[in-house]
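1. Make a model of this:
(one chain, ligands or ions: 3)
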Amino acid sequence: MKVLVINSGSSSIKYQLLNMEDESVLAKGLVERIGIDGSRIVHKVNGEKHVIEKEIKDHEIGLKLVLDILVSKDKGVLNSLNEIDACGHRIVHGGERFKTSVRIDKNKLSDIEMLSFLAPLHNPANAMGIKAAMELLPEAPQVAVFDTSFHQTMPEKSYLYGLPYEYYEKYKVRRYGFHGTSHRYVSKRVADILGKNIEDLKIITAHIGNGASVAAVKEGKSIDTSMGFTPLAGLVMGTRSGDIDPAIVGFIAQEEGITAKEVINILNKKSGMYGVTKGFSSDMRDIEDNAIEGEKVSRLAFDIYEYSIAKYIGGYAAAMNGVDVLVFTAGVGENSPILREEICEQYLGYLGVKIDKNINDFKGEEKIISTPDSKVTVVVVPTNEELMIARDTKEIVENKLEELN
Ligand SMILES: Nc1ncnc2c1ncn2[C@@H]1O[C@H](COP(=O)(O)OP(=O)(O)O)[C@@H](O)[C@H]1O
Ligand SMILES: CC(=O)OP(=O)(O)O
Ligand SMILES: [Mg+2]
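-> Ligands and ions are numbered 1, 2, ... in the order given. Model (predicted):
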């Protein structure tokens, strides 16, 4: 079975075509800057990278280009689009409506669109990707895999805020949590790597990418996570503030003469590392390089970033009354030895965490970085959201996965 995985962002489409017989990636790529100047497609196949600059006005045109390239003579891997057996979509917000991955029909698509009020930055783009795929691949079943599903196991005490209860009843204001596909993948994978049963483990997964979140996974189930009602909450991120005193929103709005919505936009797009470094960069590679060279503002930003991660790890050790395994994943977690080292050494010694600095000095591999006598096993596990989406898609299409919706 060949599965096309689509992850539509507001201005991009990431895609992967997988052969599910052996889970190999046949081709993958990124359509970026959709609807703005400089749009292009970066396509990778057989170890080669092709960049095509082209005007791409919307998601349908973007996806059409992806499909054209997949069947093209020189850069393609398919003879015909009929070879695509199914399409899996990453959907950021499933609300309380979607507890598992589902096969998409018109009603489910409209429910996904209705959830846009909870994730205005993500769901409209996700829905555009589904519509484009339904249009261009009418024969292929479409499956939705939600960032929020894995966290639907959180108990009420984790997901309810200290707000008037009517806001939960009327508007479903609660913690949802995101990056669930990644937390699910790495928690299962680390149990396999360690040869343990996930049911016997208390795992903390730190998904540290441009968007970042930490989750507490007990007996294979998410019991808490740092993102909340939206992906703005929790850790300090590339451009997002993470947790702040909610009173700041009204205060800044009043002082700057702007609306609450505009303040939230600033918290999403102009804060985090970007904001603390006065607009220098949101990319951790830049911040890290500068911090290592001793530049003060970047060093401070890096400290704020690590400290916020460490506090959540400590909090989740308390939430589970212990921790057996700590996982680092995503762009920064996989590729920044210094971040892993500083977090473990400066903040987690009291938990009995000990890492081997020499072993830790690598990027992007599956590896145990703790010492044999460490009380907590610390492991780097590269995430693979696309593989999870493809696996769920295959299982749904083959009716092997129960849809609880
Ligand atoms: N070698 C590295 N050192 C530190 N950070 C890195 C490195 N490589 C990538 N990153 C960080 O990973 C981030 C992207 O992570 P990723 O998980 O791809 O994010 P997203 O899926 O949210 O776009 C980049 O912003 C960059 O800061
Ligand atoms: C939900 C979320 O924050 O996603 P990303 O990390 O891809 O921005
Ligand atoms: Mg990501």
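2. drop to CA atoms for contacts and neighbour counts, all remaining ones
-> Will do.
3. Can you report how many residues neighbour the residue lying closest to residue 354 once chain neighbours are set aside?
-> Taking CA to CA, 6 or more residues apart in numbering, and ignoring the residues beside it in sequence, residue 354 has residue 374 as its nearest neighbour in space, at 4.9 Å. As a burial measure, the neighbour count of residue 374 was computed by other CA atoms under 10 Å and equals 17.
4. which phi and psi does residue 374 have?
-> Torsion angles at residue 374 (phi, psi; degrees, to the nearest 10) stand at phi -70, psi 140.
5. For stretch 132-143, what is the distance to the chain centroid?
-> Chain-centre distance of stretch 132-143: 24 Å, with CA atoms, centre = their mean, to the nearest Å.
6. Endpoint to endpoint, that stretch covers what distance?
-> 13 Å (CA to CA, to the nearest Å).
7. residues in the stretch 101-250 of the chain within reach of ligand 1, list them.
-> Residues of the stretch 101-250 of the chain lying close to ligand 1 by CA under 6 Å from any ligand atom are 209, 210, 211.
8. So the second one, which state does it fall into?
-> Right, the one you point to is residue 210. Using DSSP: H, G, I helix; E, B strand; the rest coil as the criterion, the local structure at residue 210 reads coil.
9. most centrally placed residue in this structure?
-> Against the mean C-alpha coordinate of the chain, by CA atoms, centre = their mean, the closest residue is residue 179 at 3.6 Å.
10. what about the closest residue in space to that one that isn't next to it in sequence, how many residues close to it?
-> Take residue 179 and drop its neighbours on the chain: the residue closest to it by CA to CA, 6+ apart is residue 147, 5.0 Å away. Other residues lying near residue 147 total 25 when counted by other CA under 10 Å.
11. likewise residue 23?
-> Burial measure for residue 23: 15 neighbouring residues, criterion other CA under 10 Å.
12. How about residue 266?
-> Here the neighbour count serves as a burial measure; for residue 266 (other CA under 10 Å) it reads 16.
13. is it true that it lies in a helix?
-> Yes - membership of residue 266 in a helix is supported by three-state DSSP.
14. re the thing from before, how about the contacts made by the residue nearest to the centre of the chain?
-> Shown in contact with residue 179 (CA atoms under 8 Å, 6 or more residues apart in numbering): 92, 147, 148, 207, 213.
15. How about the contacts made by the closest residue to the third one other than its chain neighbours?
-> Among residues not flanking residue 148 along the chain, residue 178 sits closest, at 5.1 Å (CA to CA, 6+ apart). In this structure, residue 178 makes contact with 92, 93, 147, 148, 151, 213, 227, 228, 231, judged by CA under 8 Å, 6+ apart.
16. Try it again at 7 Å.
-> With CA atoms under 7 Å, 6 or more residues apart in numbering as the criterion, the residues that contact residue 178 are 92, 147, 148, 227, 231.
17. what does residue 267 give?
-> By CA under 7 Å, 6+ apart, the contact list for residue 267 reads 240, 241.
18. Against residue 74, how distant is it?
-> As it turns out, when the distance is counted by CA to CA, residue 267 lies 44 Å from residue 74.
19. Same check on residue 82?
-> Relative to residue 74, residue 82 is positioned 19 Å away (CA to CA).
20. Nearest to ligand 1: which residue in the stretch 51-200 of the chain?
-> residue 179 (9.3 Å; CA to the nearest ligand atom).
21. so residue 131, which of the three states?
-> Assigned with three-state DSSP, residue 131 falls in the helix class.
22. neighbours of it, just the number please.
-> Counted with other CA under 10 Å, residue 131 comes out at 17.
23. what ranges do the strands span in the stretch 51-200 of the chain?
-> The residue ranges that make up the strands of the stretch 51-200 of the chain, judged by DSSP state E, counting those that start in this stretch, are 86-91, 102-103, 142-146.
24. Show me what the first one pairs with in its sheet, parallel or antiparallel.
-> Okay, so that is strand 86-91. According to DSSP bridges, the neighbouring strands of strand 86-91, each with its direction, are strand 2-8 (parallel), strand 142-146 (parallel).
25. With mean pLDDT and mean neighbour count added, can I get those in a markdown table?
-> Output for these, formatted as a markdown table (pLDDT from 0 to 100; neighbours: other CA atoms under 10 Å):
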| stretch | mean pLDDT | mean neighbour count |
| --- | --- | --- |
| strand 2-8 | 95 | 26 |
| strand 142-146 | 97 | 27 |
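26. so which of those comes closest to residue 313?
-> Taking CA to CA as the measure, the strands paired with strand 86-91 were each checked against residue 313, and strand 142-146 came out nearest at 24.0 Å.
27. rewinding a little: please report which of the contacts of residue 178 has the highest neighbour count.
-> With neighbours set by other CA under 10 Å, the maximum within the contacts of residue 178 is found at residue 92, which has 33 neighbours.
28. For ligand 2, what's the nearest residue on the chain?
-> residue 211 (3.4 Å).
29. Which residue is the nearest non-sequential neighbour of that residue?
-> Beyond its immediate neighbours in the sequence, the residue positioned closest to residue 211 (CA to CA, 6+ apart) is residue 237, lying 5.9 Å away.
30. mind listing what the one you found touches?
-> Residues 210, 211, 212, 272, 273 are the ones in contact with residue 237 under the rule CA under 7 Å, 6+ apart.
31. How about the contacts made by the fourth one?
-> Right, the one you point to is residue 272. If a contact means CA under 7 Å, 6+ apart, then residue 272 has 236, 237, 238, 239, 240, 241 as its contacts.
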